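Visitor: model this:
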Amino acid sequence: MPVSPMNRREFVKKSAVTTAAVAAAGAVGTTTAEAAERGPHHHHRPPHTWSFSILGTTDLHSHVFDWDYYTDAAYTDRAGNSVGVARVATLIKQQREAKGDDRVLLVDAGDIIQGTSLAYYFARVDPITGDDAPRHPMAVAMNAMRYDAAALGNHEFNYGIELLRKFESQCRFPLLGANACDAKTLRPAFQPYTIKRVRVPHGPDIKVGILGLTNPGIALWDKDNVAGKMVFPGLVEQAKKYVPRLRALGCDVVFLTDHSGLDGSTSWGDELPYVENASNLVAEEVPGIDAILVGHTHVEVPSYTVKNKHTGKDVVLSEPFCYGKRLTVFDFDMEFVRGQWRVVGIEAATLDPAGVDEDEEITKLLRADHELVVSYVNTPVGTCTADLSAAEACWKDVPVMDFIHEVQMKQVASGLSAADAALPLISVAAPFSRTADIPQGDVTIRDIAGLYIYDNTLYGKKLTGAQLRDYLEYAAKYYHQVPSGTAVDTATLTNANSFWDYMYDTAAGVSYEIDIARPEGSRIRNLTHDGAPVADDQVFVVAVNNYRANGGSGYPHIAGADIAFSSTTEIRQLMIDYVTENGTLDPADFAATNWRLTQDGTPVF
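Guide: Next up, the predicted model:
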């Protein structure tokens, strides 16, 4: 799940390097080297300068082609971006042709095997772990593209460690995670780093150490898959151990690939002692790093410089957006001084693949897998009696959200003990996609997948009435304060406090108002259950997804709450099963308007 996106403008100031400049930078040192090879009087002296590049992708989330499985059409967004590694592969080939194959390394910063229907298909429908198992399309693509290394992302753990290990075995490059540690030995459970050599004719190789760091949030978000097996210490802490080791091993360049954003923010309150988006802190606090490929926050930061506070040296960071929308190019200029290579210049920029053709080799390798998934997601599972749109779900109680609540409550109710079954049951869920729409008529798997885009599983947790009120107050900080008598504009109403749509929970099973004229912390009014005010000591069972139940987005009380129910089946699959079993999706069966926005008690809509 993308976490705490940042204000892009803050970081894009230093991004004026153009594609042409990148290509030109790649050629630095060539003439010296050629002269050294050709010149009769040089006796093959090593070149004095050399250059090489590291290309970077991140948060690919199993986007192979420029295709949206949820809409069953080519991907489109307002900015005209394209997605998928097939186009990025073309840019990579162009870079290798311009600079020379042996002067280009390729690295990813994680979140590879989750995020599209293609990812789900090869994890759950025809899993890569089964007998006669298929190869994961992302392993096939990335092997063909000749990746040198990839960091582990938090979403690598969504389908369990066994599937991740199988994916790792299918990759011809290491998955790096210096802070993904065995719970018992506290040693890295995955390779922490790799050392690559850039060949220099008639001179010593340039040794490039690549250290991979992942997100400490895995301990919360994928608790069910990792608890007792793995622990995830902080990025700064582990970089302090491994960067000196890479230098001691004679690395001329130390490059980090971090599945961690670069603004120092954290989405989980005090649930964990580590920073979520720590790449800037790593650059600032750990001496000996030259550059960092950043991931996790799904933003484009072409080039961003952080000064190391111990050495005063600049560290160059870059984050190439997500889904294959950009490719980062780090260009390194090296100088041979007193018998060793040292970095004399680094520039970073991002390239946009939108204008290039998809790579023929990748297309040929993965076309059949893609078509298999297209046919799977277009399978009808039932019919719907009305069009159910999520367009207004962020400010109105709409039937399509009640569909999620209904499925969650039914499933939790089916698995409660007799004592817990006597408690009132409610549900909380977030509007993940404003473009989701379940049409009237045939309902396909992709219609439901487009509404519930994450591979979350389901919990039932117990909260008191007082805790529930705190929970809903926390959710209500999603709205900007709009004083009474001021017109409400939905375009500017939401996402206050960098609280994104996927972080905003609405509740079903209780009724309440959110008074947006009031300050944060005192917005929940008239909270009732079955027509009676909710008492502070009343106990509820709350149906909630695993991400939230384990502390995701920092909601109060829920992470430490008692568990009444848990399931390993994805909520999306439960929704598909609901439609399949009933044959018909009819909002009359579940739609109920139980919450609304008000201004000083007057309904807004």
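Visitor: how close does residue 68 get to residue 358?
Guide: 15 Å (C-beta to C-beta, to the nearest Å). (Each C-beta comes from the backbone N, C-alpha and C, glycine too.)
Visitor: What of residue 515?
Guide: Relative to residue 358, and taking C-beta to C-beta, residue 515 is found at 51 Å.
Visitor: can you pull out the strands in the stretch 301-450 of the chain?
Guide: 314-320, 327-337, 340-351, 380-384, 388-389, 425-429, 437-438, 441-444 (DSSP state E, counting those that start in this stretch).
Visitor: Give me the neighbour count for residue 79.
Guide: 9 (other C-beta atoms under 10 Å).
Visitor: quick one, phi/psi of it?
Guide: phi -90, psi 0 (degrees, to the nearest 10).
Visitor: From residue 304, how far off is it?
Guide: 20 Å.
Visitor: Please identify the nearest residue in space to residue 359, excluding sequence neighbours.
Guide: residue 89 (3.7 Å; C-beta to C-beta, 6 or more residues apart in numbering).
Visitor: is it true that the one you found touches residue 141?
Guide: Yes. Counting by C-beta atoms under 8 Å, residue 89 does reach residue 141; the two are 7.5 Å apart.
Visitor: any residues in contact with both of the two?
Guide: residue 362 (C-beta atoms under 8 Å, 6 or more residues apart in numbering).
Visitor: Which neighbouring elements make contact with the top helix by length along the chain?
Guide: As assigned by DSSP state H, the longest helix anywhere in the chain is helix 360-377. With contacts defined as 3 or more C-beta pairs under 8 Å, 6 or more residues apart in numbering; DSSP states H and E, helix 360-377 has these neighbours: helix 85-99, helix 117-120, helix 137-144, helix 445-451.
Visitor: With mean neighbour count, distance to residue 496 and mean pLDDT as added columns, please give the strands of the stretch 301-450 of the chain in TSV.
Guide: Output for the strands of the stretch 301-450 of the chain, formatted as TSV (neighbours: other C-beta atoms under 10 Å; distance: least, C-beta to C-beta, whole Å; pLDDT from 0 to 100):
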stretch	mean neighbour count	distance to residue 496	mean pLDDT
strand 314-320	26	24	98
strand 327-337	23	31	98
strand 340-351	19	29	98
strand 380-384	17	33	98
strand 388-389	20	24	98
strand 425-429	25	19	98
strand 437-438	20	26	98
strand 441-444	16	34	98
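Visitor: for those strands, which one sits closest to residue 564?
Guide: strand 425-429 (9.3 Å; C-beta to C-beta).
Visitor: Please work out which residues outside the closest one touch it.
Guide: 401, 404-406, 408-409, 412-413, 416, 460, 468, 471, 475, 505-510, 529, 540-545, 548.
Visitor: 7 Å instead?
Guide: When contacts are defined by C-beta atoms under 7 Å, 6 or more residues apart in numbering, strand 425-429 is touched by residues 401, 404-405, 408-409, 412-413, 505-510, 540-544.
Visitor: now stretch 342-357
Guide: Residues contacting stretch 342-357 (C-beta under 7 Å, 6+ apart): 15, 17, 19, 22, 25, 80-82, 87-88, 90-91, 252-253, 290-291, 300, 302-303, 316, 318, 320, 324, 326-335.
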